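> show me how the following folds:
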Amino acid sequence: MSGDLGRVLVTGGGGFLGTGVIRLLRRRGFTVRSLSRSRHPHLDELEVEQHQGDVADAGAVFRAVEGCGTVFHIAAKAGLWGPEHEYHRANVEGTRHVLDACRATGVPRLIYTSSPSVVFNGMDLAGADESAPYPARFDAAYPETKAIAERMVLEANAPGLATVALRPHLIWGPGDNNLLPRIIARAQSGQLRRIGGRNAQIDPVYIDNAAEGHVLAAESLAPGAPSAGRAYFITQGETIAVWEMIDALLEVAHMGPVHRTISRPLALVGAGVLEAAYRLSGRADEPPMTRFLARQLSTTHWFRIDAARRDFGYEPRVSIAEGLRRLEEWLHRKGG
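Take a look at the predicted model:
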């Protein structure tokens, strides 16, 4: 176990997960530096040293990494739509720059934020563990480039640089600038439909649990540690039906549940048509439905966290019910 992380760099520190990790690190007394493309006032309030730059800029990454004892590489291009080269630039080349800088400056530990989508094959994954393989093909550039980057990070594990990859599943909670806004926007526009009639189960992770998993992994990481060179799922540790969770999120936002339903085959055909139309027209915005999203919303995908519990003591402390209560309070304060 290593409680001394030295100066800590968090790439993407201004984002949802990055901010969650930084808040926890600061509460534990660590000195933190952030690398983000923009300056964030809330990080100034947390007394974080902010570096502005893009992870695709090798020089900016080197300057941010230099002098650090631990790096959390969280920055990534997320989403389900967009030019593949943009995902490759941010997620693959950006990760390569972080690895190169860590090796060049002698950083002893790197915690990489991956995604469970790197093993999603469009079929049910009920209680899958880390032995689940990467699929033969991907439906979107995001999971494909995250899988490439994850392999790079794990292969870089060495006596001089201990690496670990974490796969937090569908992070949600106060400060969410991705999942909840997308659900609300689609519900408001009337585009949200239940897909299929199955009671598919998921295990989305509350932000505080995801952040704690990252910090626990860092504190246990060292050359030769059980976690070095391995990937771990970080989830809620409890499952919930996909549409029950979506309806619960809409409820705390004071919106009604989703009633309209579309069959899975029709959703997949429609998503394929929309994707083709958007590509042909050169539209940069995301279609209302993609094949990857249709499969995500209609399949069971929850993951075992036995390995994270065993190797670095991860235990989700905030339940879904408590997380929803905290989210509703946050939305109320934000609206007031």
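
> quick check: longest helix of this protein.
Across the chain, the longest stretch assigned as helix under DSSP state H is helix 264-281.

> show me how far that helix is from its chain's centre.
Helix 264-281 sits 25 Å away from the centroid of its parent chain (C-alpha atoms, centre = their mean, to the nearest Å).

> can you list contacts of the next helix or strand after that helix?
Once the chain leaves helix 264-281, the next helix or strand it forms, by DSSP states H and E, is helix 291-298. Contact partners of helix 291-298, identified using C-beta atoms under 8 Å, 6 or more residues apart in numbering, comprise 80, 120, 122, 138-140, 143, 195-196, 198, 200, 242, 264, 267-268, 271-272, 275. The way it works is simple: take the backbone N, C-alpha and C, and place the C-beta from them, glycine included.

> quick one: helix 291-298 to chain centroid distance?
Mean-position distance between helix 291-298 and its chain equals 17 Å (C-alpha atoms, centre = their mean).

> quick one: mean pLDDT over that helix.
Mean pLDDT, helix 291-298: 86.

> from the contacts of helix 291-298, which would you call buried?
Listed as buried from these are 80, 120, 122, 138-140, 143, 195-196, 200, 242, 264, 267-268, 271, 275; burial here means 16 or more other C-beta atoms under 10 Å.

> quick revisit: what's the angle between the longest helix of the chain and helix 291-298?
If you take axes from the mean of the first three to the mean of the last three C-alpha atoms, to 10 degrees, helix 264-281 sits at 160 degrees to helix 291-298.

> which neighbouring elements make contact with helix 264-281?
Counting contacts by 3 or more C-beta pairs under 8 Å, 6 or more residues apart in numbering; DSSP states H and E, helix 264-281 packs against helix 291-298.

> circling back: can I get the longest helix of the chain as CSV, trimmed to CA atoms?
The C-alpha coordinates for helix 264-281 follow below in CSV (Å, rounded to 0.1, in the frame of the first residue of the first chain):
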residue,chain,number,x,y,z
ARG,A,264,-35.4,-3.6,-30.7
PRO,A,265,-35.2,-4.7,-34.4
LEU,A,266,-37.0,-1.6,-35.6
ALA,A,267,-34.7,0.6,-33.4
LEU,A,268,-31.6,-1.0,-34.9
VAL,A,269,-32.9,-0.6,-38.5
GLY,A,270,-33.9,3.0,-37.8
ALA,A,271,-30.6,3.8,-36.1
GLY,A,272,-28.7,2.4,-39.1
VAL,A,273,-30.7,4.5,-41.5
LEU,A,274,-30.1,7.6,-39.4
GLU,A,275,-26.4,7.0,-39.2
ALA,A,276,-26.2,6.6,-43.0
ALA,A,277,-28.2,9.8,-43.5
TYR,A,278,-26.1,11.8,-41.1
ARG,A,279,-22.9,10.6,-42.8
LEU,A,280,-24.1,11.4,-46.3
SER,A,281,-25.2,14.9,-45.3
